[in-house]
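1. I'd like to go over a predicted model; first the sequence, then the structure.
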Amino acid sequence: MNGPTPSQRPPRRKRFGQHFLHDPAVLEHIVAAIDPRSDDRLVEIGPGRGALTRRLLQAGNGALDAIEIDRDLVALLRGQIADYPRFVLHEADALEFDFARLARERGGRLRVLGNLPYNISTPLLFHLLKNTGAIDDLHIMLQREVVARMAAQPNDDDYGRLTIMLAPWVTVERLFDVGPGAFKPPPRVWSAVVRLTVRPEPAFDVSPHYSAVVAAAFSHRRKTLRNALRGLVSLEQIESRGLDPGARPETFAPHEFNALAQTLDTQTAVSASA
């Protein structure tokens, strides 16, 4: 399974945020981190020109599905490796792809991987996490600053909405950084590879108001909790959970935001029964 020659390579489409990983050492490092097994159901998002795809097929005996939106790259992959017996190529938008359905078709939970386009990385990540029941883990490459936010702890400069929204569903392990030179064309930023392991059960019973409370708390980062949540959560509700309304949102743990959200659950239930 040799890669395409320069004359066979389709042009890069800027609107898809394409930066093709080509560094052999980085590719091998990613495969080692994934450690593919014979019973795996791997799903690669954005295989591009197939550099990582080929190594995954060579490294394990499990199934590999790939999701690619660029029709020219789909044609390239179909010509190069789509006839490989364990490989299925889907011409689709990963933001709209039904991962739960694929897990049912494959007979078990998926292991997702890929170099996610920077311009859609956050919405794609949350789309994947809507399907946590269908996914075991994710090994993904993102902009380094995004990975720093994902792995941050309370009081860290990078701690914020993304950190807290991921916390109930996954554990986050930052693996290694990747420099611009590993890609063609090189991006203007550094990247990082991160492992997200889906929790067997959520870390806590997530309130339906969790997202709204977290979004409000970080809409004005330098405000105190009381001021950031004004009009949504009252001073009395904050104090009822034993939290300091004068502290900044970045000092609170995810479960404390959930405790605040649960005060709205109670309030909604009372209103509904009135």
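-> Here it is on my side, so go on. Residues are numbered from 1 along each chain as shown.

2. List the buried residues for stretch 119-129?
-> The neighbour-count check on stretch 119-129 (16 or more other C-beta atoms under 10 Å) flags 120-122, 124-125, 128-129 as buried. C-beta here means a position set from N, CA and C on the backbone, and glycine is covered the same way.

3. quick one, strands of the stretch 151-274 of the chain?
-> Using DSSP state E, counting those that start in this stretch, the strands of the stretch 151-274 of the chain run over 170-178, 183-184, 191-198.

4. The second one: partners in the sheet, and parallel or antiparallel?
-> Read it as strand 183-184. Sheet pairing of strand 183-184 (DSSP bridges) gives strand 20-21 (antiparallel).

5. What of the last one?
-> The strands beside strand 191-198 in its sheet (DSSP bridges) come out as strand 135-143 (antiparallel), strand 170-178 (antiparallel).

6. which residues touch residue 118?
-> Contact partners of residue 118, counting by C-beta atoms under 8 Å, 6 or more residues apart in numbering, are 17, 142-143, 146, 187, 189.

7. Apologies, that question was intended for residue 29.
-> Contacts for residue 29 (C-beta under 8 Å, 6+ apart) come out as 176, 193.

8. so what pLDDT did it get?
-> Residue 29 is assigned 97 on the pLDDT scale.

9. Please renumber the chain so that the first residue is 709 from this point on.
-> Sure thing, new numbering starts at 709, so read that last one as residue 737.

10. top helix in this structure by residue count?
-> Assignment by DSSP state H gives helix 962-981 as the longest helix of the chain.

11. what helices or strands is that one leaning on?
-> Here helix 962-981 touches helix 869-874, helix 918-925, helix 943-948, going by 3 or more C-beta pairs under 8 Å, 6 or more residues apart in numbering; DSSP states H and E.

12. So which residues of this structure form helices?
-> Under DSSP H, the chain gives helices at 732-742, 759-767, 779-788, 807-814, 829-837, 852-859, 869-874, 918-925, 933-936, 943-948, 962-981.

13. Among the ones you listed, single out whichever gets nearest to residue 882.
-> Residue 882 lies closest to helix 852-859 among the helices of the chain, at 4.6 Å (C-beta to C-beta).

14. Buried residues of the closest one, list them for me.
-> Judged by neighbour count (16+ other C-beta under 10 Å), helix 852-859 contains these buried residues: 852, 854-859.
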